[in-house]
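K.L.:
Have a look; sequence and predicted model below, questions after that.
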Amino acid sequence: MMSNTKKLYIKTYGCQMNVYDSERMVDAMGADGYTTVDSPEQADMILLNTCHIREKAAEKIYSELGRYRPLKDANPDLKIGVAGCVAQAEGEEIMIRQPMVDLVVGPQAYHRLPAMAAKAGGGVQVLDTEFPEEDKFEFLPRGTKAKRAPAAFLTVQEGCDKFCAFCVVPYTRGAEVSRPAERLLDEARDLVERGVVEISLLGQNVNAYLANDWSLARLIRELAKIDGLERIRYMTSHPNDMGDDLIAVHGEVEKLMPYLHLPVQSGSDKVLKAMNRKHTAAEYLKVLERMREVRPDIMLSGDFIVGFPGEDEDDFQATMELCEKVRYGQAYSFKYSPRPGTPAADRAHVDESVKTERLHRLQALLTSHQVEFQDSMIGRTLPVLVEKLGRETGQVIGKSPYLHATHFLGEASDIGKIVNVKVVATERNSLSAEKV
Ligand code: SAH
Ligand code: SF4
Ligand code: F3S
């Protein structure tokens, strides 16, 4: 079949940073004549942008690759690439386990993707998992001037120097690097020109952002001056990098949304120490207390790991107590998953059945707090940034300041606007509202 444009199918796993990276890879491949398609069956190239954070996430990639076997058999010219954190962590192993993979590219080498794609295929396998000197974002094209959805991600910082004992990120993403503030302000202005109203600043440790004299606090203050940019968020933060200045910004900058995702992982000091988190539960709670002083309406979100090596019932109870104290509006919780190459992987593990049982208890508690917070929205008027049409006719869907998906009767012309609505009911993971 002859055709001038080549077709790219890209599937993204893991965190928002992968979502941002995938957009930039699409831009880079676009400059090379590729347009995106919605199904692997239509593609000339399939690219999986992968996550290595837990075993399940990594294994998913191999079952997904297995599904492409018939496509590759039918079309030997089809190129299959693996990008992201599994690519970085497993490198060549991927091609040994799945010989039909043509290309493996680590998260810091994406600017080299078009050249790699041109070379790969027809039996030639290409691999690049270097951490190059140059900043990939400086070499990745920014795409067209095409209109964008109202909410966008912007990666400001990458990598992690914290080395929590359970975590692969310092190995898959490398050392902490912050992008220059001028570039970010430029990119933000560009996004706003293209219809973006809300920007979420991303980083594995976003509040460790430091580029010359620019801290995250200073960057947020400067971004807030951009006309047309109405909402700013940032994630994910580490408790030890919540400095005075950043806390103060939450009380000053109205465009900064009253939402903070601040993972703690455990409420037990013994476990926190074993995790190498370098803070105690009390220190974490103190940060939240100061945050609530400057921004009393802030909603808090967190991450938890249960069944970390050495966690006993008392430690787990300490986590439950911390949650009772904080009452998170929303939280993520996971069973500890041993990751090859991380310090905790070789320790004595908690029984799987114990992990499962603890996870159920913790999730029941976290869900009850989430429901309580959502229910407290009923009757309140909230500004919602409308993002798209809903499934039911006349319905539009947007995000509340607290990131709740909120739907109400509206018009297509509401998309991209911030509309005041009154919450009338709550559902499992969303709010139902009416225009006021
Ligand atoms: N940089 C962020 C989070 C990165 S990973 C931070 O420091 O908070 C996202 C979440 O995945 C973590 O907060 C943690 O709760 C979870 N996680 C990371 N490694 C894990 C592992 N080995 N097993 C289970 N959960 C893990
Ligand atoms: Fe992983 Fe810890 Fe770094 Fe977060 S701070 S990315 S959990 S090592
Ligand atoms: Fe996963 Fe890599 Fe993000 S391991 S969570 S995709 S940084």
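P.N.:
Yep, that arrived. None of the values given here were measured: they were computed from a predicted structure. Ligands and ions are numbered 1, 2, ... in the order given.

K.L.:
Which positions in this protein make contact with ligand 1?
P.N.:
Applying C-beta under 6 Å from any ligand atom, we find that the chain lies next to ligand 1 at 53-54, 166-167, 169, 204-205, 236, 238, 263, 265, 303, 305, 334, 336-337, 339. (Glycine included, C-beta is placed from N, CA and C.)

K.L.:
repeat that for 5 Å
P.N.:
Taking C-beta under 5 Å from any ligand atom, the part of the chain that reaches ligand 1 is made up of 53-54, 166-167, 204, 236, 263, 303, 305, 334, 336-337, 339.

K.L.:
Pull out the buried residues from the residues you listed.
P.N.:
Neighbour counting by 16 or more other C-beta atoms under 10 Å classes 53-54, 166-167, 204, 236, 263, 305, 334, 336-337, 339 among the residues of the chain next to ligand 1 as buried.

K.L.:
Need those in a markdown table (columns: secondary structure and pLDDT).
P.N.:
Shown next, in a markdown table, are these (DSSP: H, G, I helix; E, B strand; the rest coil; pLDDT from 0 to 100):
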| residue | secondary structure | pLDDT |
| --- | --- | --- |
| Ile53 | coil | 97 |
| Arg54 | coil | 97 |
| Phe166 | coil | 98 |
| Cys167 | coil | 98 |
| Gln204 | coil | 95 |
| Thr236 | coil | 95 |
| Pro263 | coil | 98 |
| Ile305 | strand | 98 |
| Phe334 | strand | 98 |
| Tyr336 | coil | 98 |
| Ser337 | coil | 98 |
| Arg339 | coil | 97 |
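
K.L.:
Redo the residues you listed as CSV? Include distance to ligand 2.
P.N.:
Written out in CSV, the entries for those read as follows (distance: C-beta to the nearest ligand atom, whole Å):
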residue, distance to ligand 2
Ile53, 8
Arg54, 12
Phe166, 7
Cys167, 3
Gln204, 5
Thr236, 7
Pro263, 7
Ile305, 9
Phe334, 11
Tyr336, 12
Ser337, 13
Arg339, 10
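
K.L.:
Excluding residues flanking it in the chain, which one is nearest Gln157?
P.N.:
By the measure of C-beta to C-beta, 6 or more residues apart in numbering, the closest residue to Gln157 outside its immediate chain neighbours is Gly203, 3.2 Å from it.

K.L.:
Look up how far ligand 2 lies from the one you found.
P.N.:
10 Å (C-beta to the nearest ligand atom, to the nearest Å).

K.L.:
where does that residue fall, phi/psi-wise?
P.N.:
phi -170, psi 150 (degrees, to the nearest 10).

K.L.:
That one: what's it in contact with?
P.N.:
The neighbourhood of Gly203, defined by C-beta atoms under 8 Å, 6 or more residues apart in numbering, consists of 17, 155-158, 178, 209, 234-236.

K.L.:
Same question for Val326.
P.N.:
For Val326, the contacting residues are 285, 288, 300, 302, by C-beta under 8 Å, 6+ apart.

K.L.:
quick one: which helix or strand includes the third one?
P.N.:
Right, the one you point to is Leu300. Element membership for Leu300, per DSSP states H and E: strand 299-306.

K.L.:
Would you confirm that Ala31 contacts Ala117?
P.N.:
No: assessed by C-beta atoms under 8 Å, Ala31 is found out of contact with Ala117, at 11.8 Å.

K.L.:
out of these two, which sits in the more crowded spot?
P.N.:
Neighbours per residue (other C-beta atoms under 10 Å) separate Ala31 from Ala117, with Ala117 holding more: 25 against 13.

K.L.:
And what about that one, helix, strand or coil?
P.N.:
Secondary structure, DSSP: H, G, I helix; E, B strand; the rest coil: Ala117 is helix.

K.L.:
returning to that earlier point: any chance of the contacts of Gly203 in a markdown table with secondary structure as columns?
P.N.:
Conversion of these to a markdown table gives the following (three-state DSSP):
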| residue | secondary structure |
| --- | --- |
| Met17 | helix |
| Thr155 | strand |
| Val156 | coil |
| Gln157 | strand |
| Glu158 | strand |
| Ser178 | strand |
| Tyr209 | coil |
| Tyr234 | strand |
| Met235 | strand |
| Thr236 | coil |
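
K.L.:
between the residues you listed, which is nearest ligand 3?
P.N.:
For these, the minimum distance to ligand 3 (C-beta to the nearest ligand atom) is 5.4 Å, reached by Met17.
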